[in-house]
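Chemist: structure for the following, please:
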Amino acid sequence: MARNKVLIVDDEAGIRFGIRDFLESHGYEVDEAPSCQAAEQSFRHARPDVAIVDYALPDGNALDLMPRLRAIDAGIPLIILTGNASIDLAVRAIKEGAEHFLTKPVELPALLIILQRLLENQRNRQKQLVSKSRQTRQTIDPFRGTSHAIRQLAEQAALVQQTDSPILIQGETGTGKGVLAAWLHNNSLRAEEAMVDLNCAGLSRELLETELFGHEKGAFTGATASKTGLFEVAHRGTIFLDEIGDVDPLVQPKLLKVLEEKRFRRVGDVRDRQVDVRLIAATSQDLSLLVREKRFRSDLYFRISTIPITVPALRNRSEDIPLLAQYLLKGFAADLGRGDVRLSTEAEQAIQAYSWPGNVRELRNVLERALLLSGQNILTPKDFHFNNATAPDVWLDDSNLTLIELEQKHIERVLQEERNVDQAAKRLGIPRSSLYQKIKRYGITLSKV
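Modeler: As a prediction, this is how the structure comes out:
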């Protein structure tokens, strides 16, 4: 994590050196500016946490400069210094937004206390905002379940939650990659800072650039005002880029620059801006294949895949489905003002037998629809409406068969087609041991399939 940064604006090099030397000895990072113009540039691009501004400068004074600085970022505290203090000047400075008004020569220990207090107050305000934001979001446990696959995912996440390195989350659409990204942020060193997210799928190069990096006024037709990009918004926090494999090849070098050098340029700007951001990326594509096809930069791929985590498909942890379904149903029932709603034994078997190509997202949709259309507190298989385009043949067979007969018929068909128990278990989305139990239960003879 970067150190707190202070900008000192004073035309006297000796004063700047004295304050700088003192603050750096106490762990601060310090930038300097000798004029209003230089201060405005540094304020815009160096992103200080606090600015200490001398009143009298060669090209203006602090009262002229303060509105320009606050227009860039009104959240950065300003401390005004002057060699000729007056009550009137102090009142005007405070009205313009200064946090403190100090006279020269500056007592450095007192200045240090003021800086510490300002930064602490600023961090407390940010924590309150983050806390309120977190409370308004529905928190979903990404590790709900008891399967080996989900336990392994939880172990991987626990190992990397405190790292600041980029993390690449891989997995099929609907597996909950965004939920895991939020968990990683909320349990990271940056948990008290902002997390912003962007789904890169289908975004044009121009739209993606302005969303990520922002733009200057007049940068292109229709840019009637400057825009702050998501990297600036996420400063000191986390940015989550979903479907990063869809990032335009012309934007990829700029993304790599932010990760390696922690600086970027707004669209239409010629100056770099510094930023401290942790990246979490996600993809449902095979990025290594995209690299081989020259559609994704290899250097960017290696940079973001330092820590790869794969979220398992729902069919690969079928034993978790009833528990996850019951959890989701409880939330839906509470939203609808319904009482306790649960799944029948046959319903649990039905949702475990389905392959869930849309994963958790599809499970949510099927359960919500079943609850809305059913007036009962116990859901049965007839309440479920699966997507026939992706449903196994078993769901399209003779409706006169019982659920047990349908399951047996489907297992026999898969075993006949695969001719291998391991492959059949993988296709059915159940552990091999569970398949053997079902083979024994239904009296299926392997030599005949």
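
Chemist: I'd say residue 161 and residue 186 touch.
Modeler: No. With contact defined as Cβ atoms under 8 Å, residue 161 does not reach residue 186; the gap is 9.1 Å. Heads up, the C-betas are built off the backbone N, CA and C, glycines and all.

Chemist: just grab the bridge partners of the residue positioned nearest the centre of the chain for me.
Modeler: Nearest to the mean C-alpha position of the chain, counting by Cα atoms, centre = their mean, stands residue 240 at 3.3 Å. Beta-bridge pairing of residue 240 under DSSP bridges involves residue 197, residue 280.

Chemist: residues contacting it?
Modeler: Contact analysis of residue 240 by Cβ atoms under 8 Å, 6 or more residues apart in numbering lists 178, 181, 182, 185, 195, 196, 197, 198, 280, 281, 282.

Chemist: closest one of those residues to residue 14?
Modeler: Distance to residue 14, by Cβ to Cβ, is smallest for residue 196 among the contacts of residue 240, at 41.9 Å.

Chemist: mind splitting the protein into its structural domains?
Modeler: Split into domains by automatic domain parsing, the chain comes to 5-128, 161-311, 314-391, 393-449.

Chemist: then stretch 424-440 to PDB, C-alphas only?
Modeler: Extracted C-alpha coordinates of stretch 424-440, given in PDB (Å, rounded to 0.1, in the frame of the first residue of the first chain):
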ATOM      1  CA  ALA A 424     -20.100 -40.800 -17.200                       C
ATOM      2  CA  ALA A 425     -19.800 -39.400 -13.700                       C
ATOM      3  CA  LYS A 426     -18.200 -36.200 -15.000                       C
ATOM      4  CA  ARG A 427     -20.900 -35.800 -17.600                       C
ATOM      5  CA  LEU A 428     -23.600 -36.400 -15.000                       C
ATOM      6  CA  GLY A 429     -22.000 -33.900 -12.700                       C
ATOM      7  CA  ILE A 430     -21.700 -36.300  -9.700                       C
ATOM      8  CA  PRO A 431     -18.700 -37.900  -8.000                       C
ATOM      9  CA  ARG A 432     -17.800 -41.400  -9.200                       C
ATOM     10  CA  SER A 433     -18.700 -42.900  -5.800                       C
ATOM     11  CA  SER A 434     -22.200 -41.500  -6.100                       C
ATOM     12  CA  LEU A 435     -22.600 -43.000  -9.600                       C
ATOM     13  CA  TYR A 436     -21.500 -46.400  -8.300                       C
ATOM     14  CA  GLN A 437     -24.100 -46.100  -5.600                       C
ATOM     15  CA  LYS A 438     -26.800 -45.300  -8.100                       C
ATOM     16  CA  ILE A 439     -25.700 -48.200 -10.400                       C
ATOM     17  CA  LYS A 440     -26.000 -50.500  -7.400                       C
END
